[in-house]
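K.L.:
here's a sequence, model it:
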Amino acid sequence: MRVLSKYVLINELVSAEVQSMTGLILSSDQAVNSSYQEGEVVMPGDDVESIKTGDKIVYDKAQGHNVTIDGHTYRMILERDVAIVL
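P.N.:
Numbers count the residues shown, from 1 in each chain. Below is the predicted model:
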């Protein structure tokens, strides 16, 4: 498998609690209203320069689409949708 261009294949990370940028601990219900989601990079595309396999990222969760490969669902986003590499 090879990801092309500026796409990034990620696993969405879901946790019971999320810490906001100001340090507040939010429940998963409160985090649903957040615009951003954490993920782990499975494979960056050929033209992606600043993100590597295994990086933890924060991305715009309104962007991208789900892809199912061998029974596992991944999220496919563009490099420009990544806000933070942790």
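
K.L.:
stretch 37-55: which residues count as buried?
P.N.:
Buried residues in stretch 37-55, counted by 16 or more other Cβ atoms under 10 Å: Gln37, Glu38, Gly39, Val41, Val42, Met43, Pro44, Gly45, Val48, Ile51, Asp55. For every residue, glycine as well, the C-beta is placed using N, CA and C.

K.L.:
how close does the nearest residue to the first one once chain neighbours are set aside sit to Ile84?
P.N.:
If you skip the residues right next to it in sequence, Gln37 has Lys61 as its closest partner in space, 3.8 Å away by Cβ to Cβ, 6 or more residues apart in numbering. When distances are taken as Cβ to Cβ, to the nearest Å, Lys61 and Ile84 turn out to be 13 Å apart.

K.L.:
which one of the two has more residues nearby?
P.N.:
Lys61 (17 against 11; other Cβ atoms under 10 Å).

K.L.:
give me the contacts around the helix or strand containing Val8.
P.N.:
Per DSSP states H and E: Val8 is located in strand 7-12. When contacts are defined by Cβ atoms under 8 Å, 6 or more residues apart in numbering, strand 7-12 is touched by residues 3, 37-45, 48, 51, 57, 59, 67, 74-79, 82.

K.L.:
can you list the strands that that strand pairs with?
P.N.:
Here strand 7-12 has these sheet partners by DSSP bridges: strand 36-44 (antiparallel), strand 72-78 (antiparallel).

K.L.:
any idea where the strands of this structure begin and end?
P.N.:
7-12, 17-19, 25-27, 36-44, 56-60, 65-69, 72-78, 82-85 (DSSP state E).

K.L.:
is it possible to get CSV of the ones you listed that adds mean pLDDT?
P.N.:
Converted to CSV, the strands of the chain look like this (pLDDT from 0 to 100):
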stretch, mean pLDDT
strand 7-12, 96
strand 17-19, 62
strand 25-27, 64
strand 36-44, 94
strand 56-60, 93
strand 65-69, 96
strand 72-78, 97
strand 82-85, 94
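
K.L.:
list the contacts of the residue nearest the centre of the chain.
P.N.:
What sits nearest the mean C-alpha location of the chain, by Cα atoms, centre = their mean, is Gly39, with 3.4 Å. Shown in contact with Gly39 (Cβ under 8 Å, 6+ apart): Ile10, Asn11, Glu12, Leu13, Lys56, Ile57, Val58, Tyr59, Arg75.
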